[in-house]
Structure formats: structure tokens, C-alpha cells
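Undergrad: Below: sequence and its predicted model.
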Amino acid sequence: MRAKYSITLAGLLLTAAVFAAPCPPALTDVASRVGGLRGVNGPFSPQCRLIEPGSLRAELDHKLQRDLPIPPELFIESLVRVGFVDGDPSVIYHNLLDFYSSQVLGFYEPQADQMVVVNTPAAGQVQGALVWAHELAHAVQEHRFRLPSRLLAMRSDSDEQRAASAIAEGEAMLVMLLLNLPTADANSLERAAGLVRQQARALGTPAGVPDYFVADLVFPYTTGFTAALRAYRGGGWSAVDRLLVRPPTSTAALLHPDRADTPGEVDASDLPPVPEGWEEVLTDSVGEWGLSYLLGRRMDAGRAAAVASGWDGDRMRLIRERADPGRWALAWCLRARTVNARRAIEEAMQQELPSLLARLAPPRTPALTWVTSGRTLEVRAIWPQAKRSPRLPS
């Protein structure tokens, strides 16, 4: 599951209450350079709109309410129920809005094809020029490949969205780097990639914001930049373009580019239907990255990553009882690359899931049911048994 807030360290995709204004010179100066570097035919300079810093938080809330598959606080509650984060969803959301708002200097809005500029002095300074290079790269991604729009449409598969987002952010980082270091050689690029990873490890977690959201924020920049840089070094911009046209469909494919096969898919039809008297909250894919993070909350991170590397597809469904909305249930179907990988995932989940799912329907201890077949594992937690139809008299 992904915290689908689509924020970047350089900007944030959101629609804001804005007014038309000239673009900052730092933005217009860099737009033509980005367009030239990335093969845009003709003049390239998206229109600009200004928003005031004081309106940003409310506009961010409006954006999240509109773009998430379920209301933001309910989405956060689903993360709490499954064990990705701890805390009160409303408090977490309040802190997230503050955190994300503090990151924003400017961003590209694909639906209107506009650069949205937070009206601060920094927007026209050198720091702003770096941000605009990054965000204008997203504008090129929309103009040439429709990637930002495709990302917004991946609401039902967090893992696919996370992988594609990583390619989008990685390519934008590469554009920003090469514009500022046009003579960079292979060693310089590798040092830059190392610096990105180092800075990511040093990024602190703001007070009141669970680690999960920071890890989810950092992943596209570290892993995505590595993937974009690998493609660029191997085949130049043509190879990067191919990634943007067809990004990896899962974090497993992104994390293991050496694998010849592509991860399989688990369809929602593989999950049990919503029982009578219950309602669906969310159906989503966790993915290798998500599984590794979740298990890593209870076991050594290296071991969790090793176990999760056997992932080959999953689908999770969360439901809640209509008469008692505090009572949730889960059905999760996972497929592993091999039978041995399935056994390793099953062993780790049997050990760690009971405590991770402790908040699924408190104060009840979750009753877990396990079903295995070959490479497939299904776990159900507090899932109600289907009611049997009364037998008709013979």
C-alpha cells in the first residue's frame, strides 16, 4: 500500500486556488534548456500560476481529498489497521499536511499543463532554478509520454504507481543534474547517485510523521534515480525514454532489473467477495517494497528485504462491518517466485502478522487463517465465514 500523496522533494502535484502571473525569470530561463535537453520540438515554456503560502495547506487538503481512492484519513487508518504506521489517523493527517506543505516551492500540474509557483522570494533564486529544472522535467514527461497523467490514474495499484513514480522522479533528478553539470562524466554521475542515497539516509523524520511516509517519499528518488542513471549510461536518452514509455509495473521489477522474467499479477477476483453486512474499504497491491517495509517493522530490515524479494504478485482487500465500523477484516493473496520463496514469506508472516494486525479490530486478537497452494499464499484475518443458505425441505 502506498501513501498516495504524490509529493516530490522538489515539488508537489496539486491543484491550488491561484491567480495568473508571469513566470519567475529563474523558471523561464531554465525551461528552454530543459526542453532542448529532452527533445521537445519548438518553444517550451508552460504557463505559470501563483499561490500564496497561506493557502497552500488548504489546497493540498483539497487535492488529496480529490485524488485519493478513499478519503485521506480513512486511507491512513487502513495503514494503521494493517500495521504500516502507528497513531491516530486524524493527527497523522494534520502533521502530514504540515510536513508536505513545508516541502513545496513549486510544482507541475499536468491536468492544466501549468507550473504552480508558491509566491515566495526563493522561487526566483538559485534554489528555485533547481526546483524548476526538476518540475519542468515532469512537464516534458507529460508532453511527450503522458506519464504524470498515467500516474494519477494508477489509483488502484499502489505498487505499480510507486514503481512508475520512481522512474518519473529519477528521470527528473537526472535532468536537474545534467543541466547543472553538463560536462559530468560517468564517475561524476555515480558520485551524484551516491550523494542522493547518502542524503536520503540522513533525512530525518519530522515530529508526528510516521517513518513510513518518509521512506515512501525517499524511495522514488534513490531507486528511481539509480534506474534512470543506469538506462542513461547504457543507451543515452533513448534508453531513458523507453523507461518513461513503459516503466516497471512493480517495485520488484524496479528493484531487480537483472531478472529476465517479470512479476506476475494477482487479480482482485482471486480474493473472496465482500460478505453480507460488510463494506469494502480498499483493495490494493502491497508489492515487494511494501512487504519488505511491513515485515521490517518487526524483524531485521535485511532479512525482511530478503524474504520480500521472493514476491511475485499480491492483492489485499480490507473490509469493515457496517454495524460496527471499528471492526475490520483482511484478505490478502500473495504469489511467490518459487515454492521455497512462498514458504519463507509464509513463515515470516506467521511470525509477524499477529502483532502487526493487532489494530485490525481491537481489542480482539485477530484470528488468522492460512491457505497455501504451490507458490500461492492466502491469509485472512477476522474474515467472516460465508453464511450458508438454509436447506429446503426435501
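TA: It's in. Only a predicted model underlies this, so the values are computations on that prediction, with no experimental measurement involved. Numbers count the residues shown, from 1 in each chain.
Undergrad: contacting residues for Y221?
TA: 9, 169-170, 173, 196, 200 (CB atoms under 8 Å, 6 or more residues apart in numbering). Yep, even glycine has a C-beta here, placed from its N, CA and C like the rest.
Undergrad: ranking those residues by neighbours, who comes first?
TA: The residue in the contacts of Y221 with the most neighbours, by other CB atoms under 10 Å, is G170 (30 neighbours).
Undergrad: quick check, nearest of the contacts of Y221 to A231?
TA: Relative to A231, the closest of the contacts of Y221 is G170; by CB to CB it sits at 8.9 Å.
Undergrad: which stretches of the chain have low pLDDT?
TA: Within the chain, the segments meeting pLDDT under 70 span 3-21, 122-128, 386-394.
Undergrad: about what we covered before: for the contacts of Y221, give me TSV that also has distance to R337.
TA: Listed next are those as TSV, based on distance: CB to CB, whole Å:
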residue	distance to R337
L9	32
E169	27
G170	25
M173	30
V196	29
A200	28
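Undergrad: Surely M316 is in a strand?
TA: Yes: applying DSSP: H, G, I helix; E, B strand; the rest coil, one finds M316 inside a strand.
Undergrad: Mind jotting down where the strands sit in the chain?
TA: 19-20, 47-51, 106-109, 114-118, 278-284, 311-321, 328-336, 368-373, 376-381 (DSSP state E).
Undergrad: which residues sit in contact with I382?
TA: Going by CB under 8 Å, 6+ apart, I382 touches 327-330, 360-361, 364, 366-367.
Undergrad: Apart from its chain neighbours, what residue comes closest to it?
TA: Nearest non-adjacent residue to I382, counting by CB to CB, 6 or more residues apart in numbering: A329, 4.2 Å away.
Undergrad: contacting residues around S101?
TA: 56-57, 60.
Undergrad: Oops, could you answer that again for R162 instead?
TA: Contacts for R162 (CB under 8 Å, 6+ apart) come out as 2, 216, 219-220, 251, 287, 289-290.
Undergrad: Any chance of those in a markdown table with neighbour count as columns?
TA: A markdown table is the format used below for the contacts of R162 (neighbours: other CB atoms under 10 Å):
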| residue | neighbour count |
| --- | --- |
| R2 | 27 |
| D216 | 23 |
| F219 | 22 |
| P220 | 24 |
| T251 | 29 |
| G287 | 29 |
| W289 | 26 |
| G290 | 25 |
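Undergrad: And the residues you listed, which is closest to N187?
TA: Closest to N187 out of the contacts of R162 is P220 (24.2 Å), distances taken as CB to CB.
Undergrad: how many other residues sit next to N340?
TA: N340 has 11 neighbours, counted by other CB under 10 Å.
Undergrad: can you check V85 too?
TA: As a burial measure, V85 scores 21 neighbours (other CB under 10 Å).
Undergrad: wait, which of the contacts of Y221 is closest to D241?
TA: Among the contacts of Y221, G170 lies closest to D241 (CB to CB), at 13.2 Å.
Undergrad: how does the chain divide up, domain by domain?
TA: Residue ranges for each domain of the chain read 19-249, 268-381, as given by automatic domain parsing.
Undergrad: Let's have these in TSV, adding distance to D258.
TA: TSV is the format used below for those (distance: least, CB to CB, whole Å):
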stretch	distance to D258
domain 19-249	11
domain 268-381	12
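Undergrad: closest to D261 out of those?
TA: Set against D261 and scored by CB to CB, the domains of the chain come closest in domain 268-381, at 8.3 Å.
Undergrad: what about the closest one, how long is it end to end?
TA: Criterion CA to CA, to the nearest Å; first-to-last residue distance in domain 268-381 is 17 Å.
Undergrad: Check stretch 297-317 too.
TA: Its first and final residues considered, stretch 297-317 spans 21 Å by CA to CA.
Undergrad: residues of stretch 172-179 that come out buried?
TA: Buried residues in stretch 172-179, counting neighbours by 16 or more other CB atoms under 10 Å, are found at 172-179.
Undergrad: and that stretch, how far from the chain's centre?
TA: Taking CA atoms, centre = their mean, to the nearest Å, one finds the center of stretch 172-179 at 21 Å from the center of the full chain.
Undergrad: before we move on, what about stretch 191-202?
TA: 20 Å.
Undergrad: what residues does it touch?
TA: For stretch 191-202, contacts defined as CB under 8 Å, 6+ apart pick out 173, 177, 181, 184, 218, 221-222, 225-226, 229.
Undergrad: P72: which of those residues is nearest?
TA: V218 (20.5 Å).
Undergrad: Now for the closest one, how many residues are close by?
TA: Other residues within reach of V218, judged by other CB under 10 Å, total 17.
Undergrad: And it, how far from M176?
TA: 16 Å (CB to CB, to the nearest Å).
Undergrad: Tell me which residues of stretch 360-374 come out buried.
TA: By neighbour count with 16+ other CB under 10 Å, stretch 360-374 contains the buried residues 360-361, 366, 368.
Undergrad: Equivalent analysis for stretch 343-359, please.
TA: For stretch 343-359, burial by neighbour count (16+ other CB under 10 Å) applies to 344-346, 348-349, 352-353, 356-357, 359.
Undergrad: now, the most widely separated pair of those?
TA: A344 and R359 (25.6 Å).
Undergrad: circling back: export the contacts of R162 to JSON lines and tack on distance to E190?
TA: As requested, these are exported to JSON lines (distance: CB to CB, whole Å):
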{"residue": "R2", "distance to E190": "29"}
{"residue": "D216", "distance to E190": "25"}
{"residue": "F219", "distance to E190": "20"}
{"residue": "P220", "distance to E190": "19"}
{"residue": "T251", "distance to E190": "23"}
{"residue": "G287", "distance to E190": "27"}
{"residue": "W289", "distance to E190": "23"}
{"residue": "G290", "distance to E190": "28"}
